[in-house]
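**Q** Need coordinates for the below:
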Amino acid sequence: MPARNALLADVVPAEVYGRAYGFERAMDNLGAIAGPLPAIGLIAVTSIRAAVFISVIPGLLSAVAIIYAIRHTATPRQDRHQPVRITVRPLLRGPLGRLMIGVTAFEIGNCATTLLILRASQLFTAGHDTTAATQLALLLYIGYNIAAALISVPAGWHGDRYHPVRVLAAGAVLFAAGYAWFAVGSYRPIVLLPAFVLAGLGIGCGETAESAAVASLAPGQLRGSAFGLLATVQPAGNLIASSVAGLLWTAASPAAAFLFLTAAMLIAAALTLPPSARCPRPSRLPCDHVPYSLGKAPQEALALSLPRPVTSQNAMSEAGSPGCDPARLRQVTAALWLVSVSVAFGMLSGANSVTTGLADHSLGVLTIGLGVLADVAGSAVLIWRFRAERRQPGQSCPAEARAAIIVAIALAVVSVALTVQSAAALAAGSRPARRA
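**A** Just a heads-up that it's a prediction; the model follows:
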């Protein structure tokens with residue numbers, strides 16, 4: 001709710017935005033767990049109609065509490081009337097605009113939870129009847145909500161201490177691991193429980209970080225519009241995620257749908273994760289790593305980074321070029337072509353291997369395909385890294401840090417998925433089929 005989030009940002013100090021939104025998310029998830037319990041009891045004692053009428057009482061009490069809070073909240077006084085208008089363009093610039101790109105990528109990977117329940121119930125039908133399988137899936141969904149409630153406040157505290165976008169990136173990574181677990185799947189509830197827990201941790205971190213980051217980055221006079229834009233991006237991304245996953249589920253397999261969601265979350269992590277490393281000191285930099293954030297002119301920064309004396313004219317001419325070393329520029333261009341060809345070939349071979357492995361239930365072929373796709377993810381990020389270096393040499397160090405992180409995340413997700421698949425195969429006692 002944009003109005004609720006904007007109101008919460010007005011009544012709490014900026015240094016505790018994360019904890020405030022984390023507490024709000026925790027209470028919301030706990031309500032989703034505890035709310036149906038008294039409803040079940042009321043229906044058992046009275047009737048459905050009576051339970052619906054009684055449920056109006058807590059709704060009215062919450063409305064009274066909100067009105068009381070608004071009346072007793074100190075709000076800044078406005079000297080002149082501000083016309084009501086829809087403001088979007090200023091929100092798409094600067095850090096807030098970059099945040100919205102990351103949030104959009106995150107929400108495109110955030111599918112409806114009904115798909116998680118459906119996946120679990122279908123897997124459980126291998127060892128249970130339909131009713132029992134559905135009940136077990138709903139029971140694991142409670143674990144999803146509990147995990148989201150437990151992580152929300154610690155995630156908010158971490159966002160207050162460091163930055164909310166770090167928490168958002170962590171949520172994307174947790175989601176990717178959970179989706180990879182769902183892609184592998186298991187008919188044993190205890191084996192599939194970590195997938196629900198990882199997804200719950202991911203949504204707890206993601207929702208808390210999104211609200212806290214918007215509250216921190218949006219100007220005070222545009223905060224309501226910023227939360228309105230966030231409330232538009234979230235359901236739109238969820239619709240895209242659920243639609244694409246549903247199409248892949250129907251056309252290919254449930255595993256293909258969750259592999260798409262895993263890839264979307266890895267991309268979201270790459271877009272939202274801030275660079276964890278800074279460029280070295282200027283005296284140690286090669287000429288294609290020019291620091292522009294030293295408080296000096298680009299010419300002076302370039303002169304400091306060169307191991308040989310240069311004139312200001314040479315420094316000025318080199319600083320204005322895409323790369324101060326023409327040989328390095330040619331190398332980056334050639335690398336872009338090679339990596340692009342590698343990505344195209346890898347996508348074809350990896351998709352073919354994954355499809356074949358899923359169709360034949362071959363763990364070995366699936367392992368090869370997932371490994372190739374992990375390499376493709378790393379290569380795709382390297383394209384971004386080389387393009388960043390060619391556009392602005394000073395950005396090559398942060399881009400390289402992000403490239404290394406996303407490659408490590410992709411490989412980690414693949415290794416977790418394969419470990420779970422191997423453990424499930426060993427537990428089931430499956431053996432390779434013998435050829436005649």
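**Q** Count the neighbours of P326 for me.
**A** A count of neighbours around P326, defined by other Cβ atoms under 10 Å, yields 11. (C-beta placed from N, C-alpha, C; glycine too.)
**Q** whoops, I mixed them up, E107
**A** By other Cβ under 10 Å, the residues close to E107 number 23.
**Q** pLDDT at it, what is it?
**A** The model reports E107 with a pLDDT of 91.
**Q** State the helix or strand in which it lies.
**A** helix 94-108 (DSSP states H and E).
**Q** Does that helix pack against any helices or strands, and if so which?
**A** Contacts defined by 3 or more Cβ pairs under 8 Å, 6 or more residues apart in numbering; DSSP states H and E place helix 94-108 against helix 164-184, helix 189-217, helix 223-251, helix 254-272.
**Q** Identify whichever of those lies nearest to G59.
**A** Judged by Cβ to Cβ, the one of the helices and strands packed on helix 94-108 that comes nearest to G59 is helix 223-251, at 20.8 Å.
**Q** right, and A169 touches A269 too?
**A** Yes - under the criterion of Cβ atoms under 8 Å, A169 makes contact with A269 at 4.8 Å.
**Q** and among the helices and strands packed on helix 94-108, the most buried is which?
**A** helix 164-184 (a mean of 27; mean count of other Cβ atoms under 10 Å).
**Q** pLDDT below threshold where in the stretch 1-150 of the chain?
**A** 1-2, 73-88 (pLDDT under 70).
**Q** Please, where are all the helices along it?
**A** Per DSSP state H, counting those that start in this stretch, the stretch 1-150 of the chain carries helices over the ranges 2-11, 17-34, 36-45, 48-71, 94-108, 113-124, 130-161.
**Q** Can you redo those as CSV, where the extra columns are distance to G237?
**A** Output for these, formatted as CSV (distance: least, Cβ to Cβ, whole Å):
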stretch, distance to G237
helix 2-11, 16
helix 17-34, 18
helix 36-45, 27
helix 48-71, 28
helix 94-108, 2
helix 113-124, 14
helix 130-161, 18
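**Q** Tell me which of these lies nearest to A255.
**A** helix 113-124 (9.4 Å).
**Q** The closest one versus helix 189-217: what angle between them?
**A** 170 degrees (axes from the mean of the first three to the mean of the last three Cα atoms, to 10 degrees).
**Q** okay, and for the stretch 251-400 of the chain, where does confidence drop off?
**A** 273-325, 355, 358-364, 366-367, 374-375, 377-385, 387-400.
**Q** one step back: with distance to V339 as new columns, can the helices and strands packed on helix 94-108 be given to me in a markdown table?
**A** As requested, the helices and strands packed on helix 94-108 are exported to a markdown table (distance: least, Cβ to Cβ, whole Å):
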| stretch | distance to V339 |
| --- | --- |
| helix 164-184 | 22 |
| helix 189-217 | 29 |
| helix 223-251 | 26 |
| helix 254-272 | 15 |
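**Q** right, so of these, which gets closest to A14?
**A** Nearest of these to A14, taken as Cβ to Cβ: helix 189-217 at 6.7 Å.
**Q** quick one: L217 and V165, what's the gap?
**A** According to Cβ to Cβ, to the nearest Å, L217 stands 9 Å off from V165.
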